[in-house]
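Chemist: need a 3D model of the following:
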Amino acid sequence: MTVDASVIVSTYNNPRALEAIIARLRNGTCVPKEILVADDGSTDETRTMLDAAIRGDGSVIRHCWHPDEGFRKTRILNQCVARAEGDYLVFLDGDCLPHPRWLEDHLRLAERGTFVQGRRAFIPERFVDQVLDGETTVQRLFWSGRLDGAFKAIRLPVPRIRRDRDMHGLLGCNLAMWRSDVFHVNGLDEEFEGWGIGEDSDLCARLYNLGIDRKIVHGRGLVYHLNHPELPRTHVPESNRRLQRAIDEGLIRCEAGLDRHLETLA
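Modeler: Down below sits the predicted model:
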């Protein structure tokens, strides 16, 4: 299947990691149609880095930015979805380094009536700077036993794929779906606020309600999370309530979603 892919990378004030991600996407075995950076209010340092990256080889990079008014990741992701030109959307968090064959794997796994959930291994915080500075590599960390969740870091000869509609293991950091399906459910629910839980699971729950299955995959579409201190999770109880409502009521479309950004582009 030939698919045009738009890769959407969420970020907030982490230009070093973002620069490394863009370099990996450009040098992978499959190059995306475009890279959209969903920037939740970073300072000018990120914009300066992206300007230099765009001049570097002319790759299509779209920088979607809004002012920093707290955690509004869902809003800036919806802006990117509204502007994306690819038929297939592949979401990557700005603290996750993709495997060189990450996008190739996702496109081979693309199938109508499904979305794809990849997994992640973890680079311990004490090694993150060394990886970004080129002083060590993910492979060295793996072979030295210093990579957490190392069993998720192995690209298997034959991937393990399970097709289901389970709420367990949903992660927005390594997720791929058809753009038309995202439009059908009105994108992400912008009522979700705060870091750590909610908006990605809610999106997938509404896709389930639409009749879309998940393909959860081990051994393909690998990413490596750059560990960092966790942010406060005071919002989690309210996020869980919103998520449970979508599940219990079989919601498909959210009210505060993608359509408000389509109106501004019309």
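
Chemist: hey, let's count contacts and neighbours off CA atoms from now on
Modeler: Noted.

Chemist: quick one: mean pLDDT for the helix or strand hosting residue 76?
Modeler: Taking DSSP states H and E as the criterion, residue 76 maps to helix 73-83. For helix 73-83, mean pLDDT is 96.

Chemist: now stretch 142-162: average pLDDT?
Modeler: 95.

Chemist: contacts for that stretch?
Modeler: 119-124, 138, 141, 214-220, 222-224 (Cα atoms under 8 Å, 6 or more residues apart in numbering).

Chemist: could you point out which element follows the helix holding residue 76?
Modeler: Counting by DSSP H and E, the next helix or strand C-terminal to helix 73-83 is strand 88-93.

Chemist: can you give me how far that following strand is from the chain middle?
Modeler: 5 Å (Cα atoms, centre = their mean, to the nearest Å).

Chemist: what about the next helix or strand after it, distance to the chain center?
Modeler: Sequence order places strand 96-98 as the next helix or strand after strand 88-93, per DSSP H and E. Relative to its chain's centre, strand 96-98 lies at 10 Å (Cα atoms, centre = their mean).

Chemist: got a list of contacts for strand 96-98?
Modeler: So strand 96-98 is contacted by 17, 20, 21, 24, 25, 173, 221, 222, 223, 224, 225, 226 (Cα under 8 Å, 6+ apart).

Chemist: which of those residues sit farthest apart?
Modeler: Across the contacts of strand 96-98, the longest distance by Cα to Cα is 18.6 Å; it joins 17 and 221.

Chemist: and these two? Which one has more around it.
Modeler: Set residue 17 next to residue 221 and count neighbours by other Cα atoms under 10 Å: residue 221 wins out with 29 against 20.

Chemist: where do the helices sit along this protein?
Modeler: Secondary structure of the chain (DSSP state H): helices at 15-26, 44-57, 73-83, 102-109, 125-132, 138-143, 179-184, 199-210, 236-249, 259-265.

Chemist: so what's the gap between the fifth one and the chain middle?
Modeler: The one in question is helix 125-132. Remark: helix 125-132 is offset 21 Å from the chain centroid, using Cα atoms, centre = their mean.

Chemist: next, the angle from that helix to helix 15-26.
Modeler: Using axes from the mean of the first three to the mean of the last three Cα atoms, to 10 degrees, the direction of helix 125-132 lies 50 degrees away from that of helix 15-26.

Chemist: mind exporting helix 125-132 as PDB, just the C-alpha atoms?
Modeler: C-alpha atoms of helix 125-132 as PDB (Å, rounded to 0.1, in the frame of the first residue of the first chain):
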ATOM      1  CA  GLU A 125      17.600  10.300  32.600                       C
ATOM      2  CA  ARG A 126      21.300  10.100  33.500                       C
ATOM      3  CA  PHE A 127      22.100   9.000  30.000                       C
ATOM      4  CA  VAL A 128      19.900  11.400  28.000                       C
ATOM      5  CA  ASP A 129      22.500  14.200  27.500                       C
ATOM      6  CA  GLN A 130      25.100  11.600  26.500                       C
ATOM      7  CA  VAL A 131      22.700  10.300  23.800                       C
ATOM      8  CA  LEU A 132      21.900  13.800  22.500                       C
END
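
Chemist: check which helices and strands it sits against.
Modeler: For helix 125-132, the packing partners by 3 or more Cα pairs under 8 Å, 6 or more residues apart in numbering; DSSP states H and E come out as helix 15-26.

Chemist: quick check: buried residues in the helix it packs on?
Modeler: Going by neighbour count (16 or more other Cα atoms under 10 Å), the buried part of helix 15-26 is 15, 16, 17, 18, 19, 20, 21, 22, 24, 25, 26.
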